[in-house]
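[1] compute the structure for the input listed below.
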Amino acid sequence: MHIGELAERAGMSLRTIRHYDEVGLLVPSGRTAGGFRVYTAQDLERLLVIRRMKPLGFTLDEMAELLRVVDALAGAAPADQAALAARLDASLEDARARHAKLVERAGMAEEFIGTLSTLRAALP
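    The predicted model follows:
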């Protein structure tokens with residue numbers, strides 16, 4: 001698929017996808033004779049992983065590191081799997097901690113909305 005279709009399917013902007021290409025997070029699987037980027041379903045899945053990391057506040061470097069682990073797992077020799085699993089476990093714990101902070105912040109936002117709603121209900 002071309003970048004426009006990829007962007008639509010992922011719900012992301014062309015600019016963001018191009019940026020991910022520039023920094024090496026999402027390299028297109030190919031190019032047309034005219035130089036246009038061509039993406040596969042696997043590229044879309046990778047982009048969706050990146051999109052899911054973004055709200056948790058992962059930096060581009062952290063995203064790249066985690067993607068290296070995920071890529072390495074696919075063809076890892078049994079001797080390397082334990083080290084990769086440990087790195088994946090660390091990323092998983094980090095993601096859980098970041099999620100917990102987001103949940104806490106969402107709770108505070110809900111309280112604030114409730115406060116504003118109460119104040120508004122008291123007015124004519």
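[2] for residue 31, phi and psi?
    The phi and psi values for residue 31, taken as degrees, to the nearest 10, are phi -140, psi 150.
[3] beta partners for it?
    Legend: beta-bridge partners of residue 31 under DSSP bridges are residue 37.
[4] that one: neighbouring residues, count only.
    10 (other CB atoms under 10 Å). No exception for glycine: its C-beta is placed from N, CA and C like everyone else's.
[5] that one and residue 37 touch, don't they?
    Yes: in this structure residue 31 lies within contact range of residue 37 using CB atoms under 8 Å: 6.2 Å.
[6] report the longest helix in this structure, please.
    Ranked by residue count and defined by DSSP state H, the top helix of the chain is helix 78-121.
[7] check which helices and strands it sits against.
    Contacts of helix 78-121 with other secondary structure elements, assessed using 3 or more CB pairs under 8 Å, 6 or more residues apart in numbering; DSSP states H and E, are made with helix 60-74.
[8] who does the helix it packs on touch, helix- and strand-wise?
    Helices and strands touching helix 60-74, by 3+ CB pairs under 8 Å, 6+ apart, are helix 41-53, helix 78-121.
[9] so how far is residue 18 from residue 53?
    Distance, residue 53 to residue 18, by CB to CB, to the nearest Å: 18 Å.
[10] same check on residue 71?
    Per CB to CB, residue 71 is found 21 Å from residue 18.
[11] per-residue confidence at residue 78?
    What the model reports for residue 78 is a pLDDT of 89.
[12] same thing with residue 74?
    If you check residue 74, the pLDDT there is 86.
[13] how many neighbours does it have?
    As a measure of burial, residue 74 has 6 neighbours, counting by other CB under 10 Å.
[14] and for residue 32?
    By other CB under 10 Å, the residues close to residue 32 number 10.
[15] now the phi/psi pair for it, please.
    Summarising the backbone geometry of residue 32 under the convention degrees, to the nearest 10, its torsions are phi -80, psi 170.
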